[in-house]
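J.: sequence and computational prediction follow.
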Amino acid sequence: MPDLEVESAKSLELARQWVHAAQHLVVLSGAGVSAESGVPTFRDTHTGYWAQFDPQEMASEAGFRAHPQRVWQWYSYRRELVAAVQPNAAHLALAAFTKAHPGKLSVITQNVDGLHQRAGSHDVISLHGDVMRNQWLDACGPCCEMAKTVALGGQPPRCSTCGNMLRPGVVWFGEHLPVDALAHAEAVVNACDVMLVVGTSGVVYPAAGLVFQAHQQGAKVVIVNPQATELDMLADALLRAPAAKVLPMMLDGVV
């Protein structure tokens, strides 16, 4: 266990033992995991030209309706940033573990960049959507069949019949999480005996509530984060280190 402090090394060994003995693991990943690949955090994308705009206005239905072209262009910029990076060692370690132990690990992510999926993890529960996908802003009718009616090249593209706009397929401020994704996440947390909480500050709900749920039903909670989080009081093991450093050591060789 190179380059880990003594306490972290002890926590890592405990976590490895729990992972080894677990019937079912759940990982909750946050922005810190993506940041280790070079994905700017939500607020960090507001630099240069974009620094003049309020981040929350750029991620709300009201902001999109008020300035659809601006918001669409900002998400296009974010998509370019995501496309330029690669999954890191944490993403790859989780994907390798899933492949080696089918059915033992469930990944829940607050990230919208798809890096877990690009690394090879399947059936990832994406609580906040996918920045690379689009959806209709308003309820769509038969005219809103994208392949036939979207005015290509528009910013944002619109239904050429009714004018309905496409929007990024992410959860904006003030919106509920997708019902199916949240229900699936709650189900796998209820079934887990170990939960790894990786790269999340623990301030965004209802995602952070899943950690309380795991703790209350008796699962071991392992928190991996270089910084203090709002969930540290729930940790059975606390690792103050980057996910890309810790997860390969935690998961490699576990049978």
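T.: Okay, I see it.
J.: output the below-cut-off pLDDT ranges for the stretch 151-255 of the chain.
T.: 151-153, 253-255 (pLDDT under 70).
J.: can you map out the strands along the stretch 51-200 of the chain?
T.: Along the stretch 51-200 of the chain, counting by DSSP state E, counting those that start in this stretch, strands occupy 105-109, 125-126, 129-136, 166-170, 194-198.
J.: which one of the ones you listed is the most hemmed in?
T.: Mean neighbours per residue, mean count of other CB atoms under 10 Å, is largest over the strands of the stretch 51-200 of the chain for strand 194-198, with a mean of 27. For every residue, glycine as well, the C-beta is placed using N, CA and C.
J.: in its sheet, what does it sit against?
T.: Strand 194-198 has its sheet partners listed here by DSSP bridges as strand 25-29 (parallel), strand 220-224 (parallel).
J.: what packs against the very next helix or strand once past the first one?
T.: Okay, so that is strand 25-29. Per DSSP states H and E, the first helix or strand lying C-terminal to strand 25-29 is helix 31-35. In terms of contacts (3 or more CB pairs under 8 Å, 6 or more residues apart in numbering; DSSP states H and E), helix 31-35 is packed against helix 243-251.
J.: run through who's touching the helix it packs on.
T.: The contact list for helix 243-251, computed with CB atoms under 8 Å, 6 or more residues apart in numbering, reads 1, 3-4, 12, 15-16, 19, 29, 32-33, 36, 88-90, 92-94, 96-97, 196, 198-199, 222, 224-225, 239.
J.: tell me the buried residues within those residues.
T.: 4, 12, 15-16, 19, 29, 32-33, 36, 88-90, 92-94, 96-97, 196, 198-199, 222, 224-225, 239 (16 or more other CB atoms under 10 Å).
J.: of the strands of the stretch 51-200 of the chain, which is nearest residue 116?
T.: With CB to CB as the criterion, residue 116 lies closest to strand 105-109 of the strands of the stretch 51-200 of the chain, at 5.5 Å.
J.: quick one: distance of that closest one to the chain centre.
T.: Centroid separation for strand 105-109 versus its chain: 9 Å, with CA atoms, centre = their mean, to the nearest Å.
J.: can you list the strands that that strand pairs with?
T.: Applying DSSP bridges to the sheet, strand 105-109 is found paired with strand 25-29 (parallel), strand 125-126 (parallel).
J.: quick one: average pLDDT of that strand?
T.: Across strand 105-109, pLDDT averages out at 98.
J.: report the angle between it and helix 243-251.
T.: Relative orientation of strand 105-109 versus helix 243-251 (axes from the mean of the first three to the mean of the last three CA atoms, to 10 degrees): 160 degrees.
J.: which stretches of the stretch 1-150 of the chain have low pLDDT?
T.: 1-7, 42-52, 146-149.
J.: how about the helices in it?
T.: Assigned by DSSP state H, counting those that start in this stretch, the stretch 1-150 of the chain shows helices spanning 6-21, 31-35, 61-66, 68-83, 89-100, 115-119, 146-149.
J.: export those to TSV and append columns for distance to residue 164.
T.: What follows is the helices of the stretch 1-150 of the chain, written out as TSV (distance: least, CB to CB, whole Å):
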stretch	distance to residue 164
helix 6-21	47
helix 31-35	31
helix 61-66	12
helix 68-83	11
helix 89-100	35
helix 115-119	28
helix 146-149	9
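J.: just name the most buried of these.
T.: Of the helices of the stretch 1-150 of the chain, helix 31-35 is the most buried (mean count of other CB under 10 Å), at a mean of 24.
J.: just the CA trace of that helix, in CSV.
T.: Extracted in CSV, the C-alpha atoms of helix 31-35 (Å, rounded to 0.1, in the frame of the first residue of the first chain):
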residue,chain,number,x,y,z
ALA,A,31,-17.7,15.0,-9.2
GLY,A,32,-14.4,14.4,-7.6
VAL,A,33,-14.0,11.1,-9.5
SER,A,34,-14.5,12.9,-12.8
ALA,A,35,-12.3,15.8,-11.8
